[in-house]
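S.K.: task: produce atomic coordinates for the following.
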Amino acid sequence: MYFAKMHGLGNDFIVINNLDGRNIDYSNLARKICDRHFGIGADGLLVVEKSKIADIKMLIFNSDGSQAEMCGNGIRCFAKYVFEKEILKKEKMIIETLAGIMVAELKINNSLVNFVKINMGKPQINNIESIFNLKVDNLNYEINLNEKKFIASTLLMGVPHTIIYTEDIKDEDILIFGPQIEKLDFYPYKTNVNFVKVISNKKIKVKTWERGAGLTLACGTGSCASVVAAYLNGLTNNLVEVELEAGSLFIEYNDDVYMEGPAEFICEGNFFE
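M.R.: Below is the predicted model of the structure:
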């Protein structure tokens, strides 16, 4: 099976082309191919399929085999892949995802995609009982774990996201509290957990414990959700640089959410199951 490995600011993916509609167990393949010891290694699997309602369709499966509705870093890699592999030679492409239709605008230099700007759609802030069933203000509430108190926000940015505000982002805290928060009873479908430090009204730092993947170097939907929550809580402006482990995303919240950032190829080859 031919594959490409790509990353968006360190959030890495295996991409396969299934435009011919082969019968593939994507969930099982994701667990095998994303394994960092016995496979190629990645945070997730991206699949290129035909779409009846858009230019192209993206499916994404986490490294544990679970299917995700949407991935911000993944869709930038997906757009670069389909353009540079000449599957879809459009500088503005309409992409079908499980979270709805997304619009990608590609910035091209010498036939290569340097940056991708995605209209991520509207965040769902109200009426989110399906993903968050506490009877509190979902933009400002407390989580108490092991005598530690967190101030949190939860919203839907294609997938469930919970924002944890902190003055000091430590990997050891994320590894301890990320999986605990992800699986709390009041998140029926689990939640992604974003640890956010507000640096200024124009810049925040984010690290994400990703549902189904663990600690990741970058999370596009998490960055978007973090900017929306920080802005609505009066902590930032609506145009924010999000500092991640390997670089920055630029997020604008103006009714819809717009995300701009890079995507890169790492390697290509054949995977033998």
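
S.K.: list the helices and strands the helix-or-strand element of the chain with minimal mean pLDDT packs on?
M.R.: Within the chain, no helix or strand scores below strand 214-216, which has a mean of 92 by mean pLDDT, DSSP states H and E. Applying 3 or more C-beta pairs under 8 Å, 6 or more residues apart in numbering; DSSP states H and E, one finds that strand 214-216 contacts helix 171-182, strand 203-210. (Glycine included, C-beta is placed from N, CA and C.)

S.K.: buried stuff in it?
M.R.: Neighbour-count burial for strand 214-216, with 16 or more other C-beta atoms under 10 Å as criterion, is recorded at G214, L215, T216.

S.K.: now do stretch 222-242
M.R.: In stretch 222-242, counting by 16+ other C-beta under 10 Å, buried: 222-232, 235-236, 238, 240-242.

S.K.: stretch 16-29 too?
M.R.: Per 16+ other C-beta under 10 Å, stretch 16-29 contains these buried residues: I16, N17, N18, Y26, L29.

S.K.: still on that earlier bit, return the most buried member of the helices and strands packed on strand 214-216.
M.R.: Each of the helices and strands packed on strand 214-216 was scored by mean neighbour count; the highest is strand 203-210, a mean of 24, by mean count of other C-beta atoms under 10 Å.

S.K.: pLDDT value on the closest residue to L239 other than its chain neighbours, please?
M.R.: Nearest residue to L239, sequence neighbours excluded (C-beta to C-beta, 6 or more residues apart in numbering): E252, at 4.8 Å. As predicted, E252 sits at a pLDDT of 98.

S.K.: quick one: the helices in this structure, in order.
M.R.: Applying DSSP state H to the chain gives helices spanning 26-33, 72-84, 171-182, 220-232.

S.K.: for I95, give its distance to L59.
M.R.: 11 Å (C-beta to C-beta, to the nearest Å).

S.K.: and V206, by the same measure?
M.R.: From V206 to L59 the distance is 25 Å (C-beta to C-beta).

S.K.: show me the contacts for the residue lying closest to Q67 once chain neighbours are set aside.
M.R.: What sits nearest to Q67 in space, not counting adjacent residues and going by C-beta to C-beta, 6+ apart, is F61, at 5.3 Å. F61 is in contact with Y26, S27, L29, A30, G44, L45, V47, Q67, A68, counting by C-beta atoms under 8 Å, 6 or more residues apart in numbering.
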